[in-house]
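[1] What shape does this take:
(chains A and B)
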Amino acid sequence: MKMFVAAAAVAAAVAVPLSAFAAKTGDNKGVNFQGTVTHTCSITVDNDGELGVSTDFATLASNVGAGSAGAATVAATGNTFKLYVDSPASWSGPTSPTSVSASVSGDISTSSASASGAAVSKGEHSVSVNMSATAADFFEEGDYSATVTLRCE
Amino acid sequence: MKTISSNTFKAITLASYLGCAVTTALLPSQAAAQAMSPMRGEVKSFTDSFALKVYPANPYKHRIRIEVKVYDQDFREVTNARVSPANFTLGGNSDRQVTVMVPFDGAKSRKVRVCTESIPFPAGMGNKKQNIKAQICGKFLAERLN
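    Below you'll find the model as predicted:
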């Protein structure tokens, strides 16, 4: 009986088809992977600014008198984005200004006069946001407000 | 700290929506806070309009108000674009899908910006305020195939 079992085992081993070893003789199978990387940009406004008035009352700006700049954080995951700043399109207050401008300084610098914006590199960037408005004569007494737009694209 | 949205686009999928037949796939990606993805993309359509799906996100812990607008390559607002919803509030650390339908207006191709914009809080009374509005714009090129 033991002889029979041994003989059967030997026979079975011999009978293993050669195809079972075929993979070892150069038959390659590729495993494909696919992925997509998309980069993003974000803007966080940390605080708005305050407008101060000049001693001749002809200028309202965040960098005169008691004014203070706004603060924002711009973050990008790649190097393909640009930051633009737009001066206020509307104005709230008793006196309308004759000219308005806005600018960004700090880790990134640009102004509303720049049509090409400023490149945003990968990482986080802290910026200060300033604006200035000039009246033809002077700003009347009252409350004023305006909105500067920070745009990443 | 006062915050204004950082908005997110995520994924243009191609959508057959309201008669827009085909758009090419722009891959969806994971909703990441303080992100906007994708901010570039190409779309193909067999009809006279094309559809985008974007995902504004609120990375903050509190609810904010977001507005989605469509502009052309000269930054003029595309007033006949349909954005649904165009104006909404979004809870903290969340995002939501927004569908944008843009007509070709007879052109063979069209470049648009889809911008998610924060809506600043109203200025306080008695202040001389300089508000800051954050605007995140994705650039998309659409091509009509017929």
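
[2] CA atoms for contacts and neighbours, from now on please.
    Fine.

[3] Show me what whichever strand or helix holds B:V114 is packed against.
    In this assignment (DSSP states H and E), B:V114 forms part of strand B:109-118. When contacts are defined as 3 or more C-alpha pairs under 8 Å, 6 or more residues apart in numbering or on different chains; DSSP states H and E, strand B:109-118 packs onto strand B:64-72, strand B:128-144.

[4] quick one: which of these is nearest chain A?
    Chain A lies closest to strand B:128-144 among these, at 4.4 Å (C-alpha to the nearest C-alpha).

[5] So which bits of the closest one are buried?
    Of the residues in strand B:128-144, B:128-140, B:142-144 count as buried by neighbour count, 16 or more other C-alpha atoms under 10 Å in any protein chain shown.

[6] That one vs strand B:64-72, what angle?
    Counting by axes from the mean of the first three to the mean of the last three C-alpha atoms, to 10 degrees, strand B:128-144 lies at 50 degrees to strand B:64-72.

[7] Sheet partners, orientation included, of strand B:128-144?
    Paired neighbours of strand B:128-144 in the sheet (DSSP bridges): strand A:49-50 (antiparallel), strand A:144-152 (parallel), strand B:40-45 (parallel), strand B:109-118 (antiparallel).

[8] Residues in contact with the second one: which ones?
    The list of residues contacting strand A:144-152 from outside it, by C-alpha atoms under 8 Å, 6 or more residues apart in numbering or on different chains, reads A:41-43, A:81-94, A:102, A:131, B:123, B:127-137.

[9] same deal with the longest one?
    Taking contacts as C-alpha under 8 Å, 6+ apart, the residues outside strand B:109-118 that touch it are B:4-9, B:56, B:64-73, B:75, B:104, B:133-144.

[10] before we move on, back to that, export the helices and strands packed on strand B:109-118 to CSV and append columns for mean pLDDT.
    As requested, the helices and strands packed on strand B:109-118 are arranged in CSV below (pLDDT from 0 to 100):
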stretch, mean pLDDT
strand B:64-72, 91
strand B:128-144, 89
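
[11] Enumerate the beta-bridge partners assigned to the residue nearest the centre of chain A.
    Closest residue to the average C-alpha location of chain A: A:C41 at 1.8 Å, with C-alpha atoms, centre = their mean. Here A:C41 shows beta-bridge partners A:A76, assigned using DSSP bridges.
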